[in-house]
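Visitor: sequence-free structure coming up:
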């Protein structure tokens, strides 16, 4: 049913539709409303789940790890410092191949302290071995949340649903929530084959020495890569059942003959689309929305950029001393490919700086500069900095 | 697309006002988007919130820089002359104040409507929360959404006496306005 809902409230309701056995989370801005709403659903008797109020994010992640390992459908959510405090457990969850779902309400990481949106938090745990999916709007965040439970069950991997903090979590918009009956029909019951069972004791998380560790890592890498077709299949199945989908691994919009492309993840895509539509002049441009960041869809990306001379890669996170995280990954994926576009990598909107739609024209103009650096923090006002930092 | 920017202070229900306006738009069959610009989250601190209403999907996520309407919940914020920054030519502001329309209009160089929303709110709900009175007045002036859509949004958000008193407040506040007198602003 279509309703005007705040993003966080919609996510809580979507999680409830998946009927998790265990929810454990610790509140942190801008994820707080998700946990508050889940807590309220439990208190009102609308969601029957074991809601564990924990004393830290480390415990939240540990609780859902244990719960899922014992065969329970489990969910958690966090942001920023909370994700960092979870980091050790997030690697354990993925390394143990525990299927569960977590929402990351993306926020910058301290210091300096900043509660606003960018992608630094989920990028900091990029290599934990989780599936990471990014959402452009709250409808996609709702749909991806339900899909994430299915993807995680089908791959025996944890799935992180990344949604921009405040920009999505605190935005009210019209959202079509599926019904409980529809979700029950679409999402099979949780059945974790390796679940711990006292009647059939086995060990989970044993010490692995050098004689087997590389094989374990290879196997994990293969499992995450093998999730690529699963993510596409689950989204296609969702499309069949609900008459809308989230774009699988990535989507491409705009004229095929365009020589310039934009690539971004999350809510920034919407602003870029709006900016492209409202231009009165300028070249045609293709807009590539990357939904799956892990696994990284190299083959689909190579296809998506075919024919482009220039690709503007928008980053919402920075790896200091190197550049944009996404930009570097796109460069690596296209390296050595015949006819690969020149990549212009810019971080914008770090720490929640507002991204105006006029940025589209500014980014297009920047292509013309032959001396432009390989990476820039595009909206930084360098005049505010001492000369040695410019 | 109609764009609104709401200025208030923490505790005055500025974010709730944005959500109510967006819900009213949804009730009236439009697409909507409402979101706050959170700063220091404490009572009394300046708060800004934004609303977009359209008849097609809204992709833009930027803050509203060039609003059609400003809703000012606290007249001490008028000390910041930059408050009308970006207001579209022909744009209007509705202000919770005992000052006169002429005075505010002249100071800021735009059409202004002043209503004593705090007093109206105290009279009906017993709390100095001016948001529903301001929204009702604005909708009555512009006719962009029926005041009944706002009432429906309020019904979705409040219960009991808070609901019934807010509904009375909406009716009272809307009734004080010359109905639809700002309509030509958008038709022009």
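Guide: Here it is on my side, so go on. Keep in mind it's a predicted model, so treat the numbers as computed, not measured.
Visitor: Would you mind listing what in chain A touches chain B?
Guide: Taking Cβ under 8 Å from any Cβ of the partner chain as the contact definition, chain A meets chain B at A:2-4, A:6, A:115-116, A:137, A:166-167, A:170-174, A:267-268, A:270-271, A:273-275, A:277, A:354-357. All C-beta spots, glycine's among them, are computed from the backbone N, C-alpha and C.
Visitor: make it 7 Å
Guide: Applying Cβ under 7 Å from any Cβ of the partner chain, one finds that chain A approaches chain B through A:4, A:6, A:166-167, A:170-174, A:267, A:270-271, A:273-274, A:354-357.
Visitor: now, which of those residues lie within strands?
Guide: Counting by DSSP state E, the members of those that fall within strands are A:4, A:6, A:172, A:173, A:174.
Visitor: where along chain B do the strands fall?
Guide: Under the criterion DSSP E, chain B contains strands at B:2-9, B:31-37, B:46-54, B:69-72, B:92-96, B:111-115.
Visitor: For the ones in strands among the residues of chain A next to chain B, give me a markdown table that also has pLDDT, distance to residue B:36 and neighbour count.
Guide: Output for these, formatted as a markdown table (pLDDT from 0 to 100; distance: Cβ to Cβ, whole Å; neighbours: other Cβ atoms under 10 Å in any protein chain shown):
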| residue | pLDDT | distance to residue B:36 | neighbour count |
| --- | --- | --- | --- |
| A:4 | 98 | 15 | 24 |
| A:6 | 98 | 10 | 24 |
| A:172 | 98 | 10 | 28 |
| A:173 | 98 | 14 | 24 |
| A:174 | 98 | 18 | 20 |
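Visitor: Quick check: the two most widely separated of those residues?
Guide: Spanning the widest gap among these are A:6 and A:174, at 11.7 Å by Cβ to Cβ.
Visitor: Out of the ones in strands among the residues of chain A next to chain B, the closest to residue B:34 would be?
Guide: Using Cβ to Cβ, those come closest to residue B:34 at residue A:172, 4.4 Å.
Visitor: Who does that closest one form a beta bridge with?
Guide: Counting by DSSP bridges, residue A:172 is bridged to residue A:6, residue B:34.
Visitor: What segments of the stretch 101-250 of chain A are strands?
Guide: A:101-106, A:131-134, A:159-164, A:172-176, A:250-253 (DSSP state E, counting those that start in this stretch).
Visitor: Show me the one of those strands that comes nearest residue A:304.
Guide: Ranking the strands of the stretch 101-250 of chain A by proximity to residue A:304 (Cβ to Cβ) places strand A:250-253 first, at 4.9 Å.
Visitor: Next SSE downstream of that closest one?
Guide: Using DSSP states H and E, the helix or strand that directly follows strand A:250-253 along the chain is strand A:260-264.
Visitor: helices and strands around that next one, which ones?
Guide: strand A:285-290, strand A:310-315 (3 or more Cβ pairs under 7 Å, 6 or more residues apart in numbering or on different chains; DSSP states H and E).
Visitor: Pull the distance from the first one to the chain's centre.
Guide: Yep, that's strand A:285-290 we're talking about. 17 Å (Cα atoms, centre = their mean, to the nearest Å).
Visitor: Report the spatially closest residue to residue B:39, excluding sequence-adjacent ones.
Guide: residue B:45 (6.3 Å; Cβ to Cβ, 6 or more residues apart in numbering or on different chains).
Visitor: do the same with residue A:110
Guide: residue A:81 (6.2 Å).
Visitor: Correct me if wrong: the one you found contacts residue A:111.
Guide: No: Residue A:81 lies out of contact with residue A:111 (Cβ atoms under 7 Å); the separation is 10.3 Å.
Visitor: residues touching the nearest residue to residue B:55 once chain neighbours are set aside, list them.
Guide: What sits nearest to residue B:55 in space, not counting adjacent residues and going by Cβ to Cβ, 6+ apart, is residue B:30, at 5.9 Å. By Cβ atoms under 7 Å, 6 or more residues apart in numbering or on different chains, the residues touching residue B:30 are B:53, B:54, B:55.
Visitor: could you list every residue that touches the most far-flung residue of chain B relative to its centre?
Guide: Distance from the C-alpha centroid of chain B, by Cα atoms, centre = their mean, peaks at residue B:160 (23.3 Å). For residue B:160, the contact set (Cβ under 7 Å, 6+ apart) is empty.
Visitor: Next, work out how far apart it and residue B:72 are.
Guide: 29 Å (Cβ to Cβ, to the nearest Å).
Visitor: Return the most buried member of the helices and strands packed on strand A:260-264.
Guide: Counting by mean count of other Cβ atoms under 10 Å in any protein chain shown, strand A:310-315 has the highest mean neighbour count of these, with a mean of 26.
Visitor: Now that strand: average pLDDT?
Guide: Mean pLDDT, computed over strand A:310-315, is 98.
Visitor: Direction included, what does that strand pair up with?
Guide: In its sheet, and by DSSP bridges, strand A:310-315 pairs with strand A:260-264 (parallel), strand A:342-347 (parallel).
Visitor: which residues sit against the shortest one?
Guide: So the one you mean is strand A:260-264. A:272, A:283, A:285-290, A:305, A:308-314, A:330, A:341, A:364, A:367.
Visitor: okay if I get the strands paired with strand A:310-315 as JSON lines plus mean pLDDT and mean neighbour count?
Guide: Formatted as JSON lines, the strands paired with strand A:310-315 follow (pLDDT from 0 to 100; neighbours: other Cβ atoms under 10 Å in any protein chain shown):
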{"stretch": "strand A:260-264", "mean pLDDT": "98", "mean neighbour count": "25"}
{"stretch": "strand A:342-347", "mean pLDDT": "97", "mean neighbour count": "21"}
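Visitor: Of all those, which one is nearest residue A:210?
Guide: strand A:342-347 (37.3 Å).
Visitor: Give the next helix or strand downstream of the closest one.
Guide: Next element after strand A:342-347 (DSSP H and E): helix A:359-367.
Visitor: Quick check: residue A:83 is in a helix.
Guide: Yes: assigned with DSSP: H, G, I helix; E, B strand; the rest coil, residue A:83 falls within a helix.
Visitor: So for the nearest residue to it once chain neighbours are set aside, what's the pLDDT?
Guide: Of all residues not flanking residue A:83 in the chain, residue A:121 sits nearest, at 4.3 Å (Cβ to Cβ, 6+ apart). pLDDT, residue A:121: 98.
Visitor: right, and residue A:121 touches residue A:106 too?
Guide: Yes: the criterion here is Cβ under 7 Å, and residue A:121 meets it with residue A:106 at 6.0 Å.
Visitor: what stretches of chain B score poorly on pLDDT?
Guide: Scanning chain B with the threshold set as pLDDT under 70 gives B:40, B:184-188.
Visitor: Okay, helices next: where are they in it?
Guide: Ranges of helices in chain B, per DSSP state H, are B:14-27, B:101-108, B:117-125, B:131-142, B:147-157, B:160-175, B:183-187.
Visitor: contacting residues for the residue nearest to residue A:110?
Guide: So residue A:81 contacts A:28, A:109, A:110 (Cβ under 7 Å, 6+ apart).
Visitor: how much space between it and residue B:127?
Guide: Residue A:81 is 35 Å from residue B:127, by Cβ to Cβ.
Visitor: need the contact list for residue 118.
Guide: All of this is about chain A. Contact analysis of residue A:118 by Cβ under 7 Å, 6+ apart lists A:106, A:108, A:316, A:317, A:349, A:350, A:351, A:352.
Visitor: sorry, should have said chain B
Guide: Neighbours of residue B:118 in contact, by Cβ under 7 Å, 6+ apart: B:96, B:128, B:130.
Visitor: picking up where we left off before, what number of residues are in the vicinity of the residue nearest to residue B:39?
Guide: 13 (other Cβ atoms under 10 Å in any protein chain shown).
Visitor: hang on, the earlier thing: in TSV, list the helices of chain B along with distance to residue A:297.
Guide: Below are these laid out as TSV (distance: least, Cβ to Cβ, whole Å):
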stretch	distance to residue A:297
helix B:14-27	35
helix B:101-108	51
helix B:117-125	52
helix B:131-142	45
helix B:147-157	40
helix B:160-175	49
helix B:183-187	45
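Visitor: So the closest residue to residue B:155 other than its chain neighbours versus chain A, what's the distance?
Guide: Closest residue to residue B:155 apart from its sequence neighbours, by Cβ to Cβ, 6+ apart: residue B:163 at 6.3 Å. Separation of residue B:163 from chain A (Cβ to the nearest Cβ, to the nearest Å): 18 Å.
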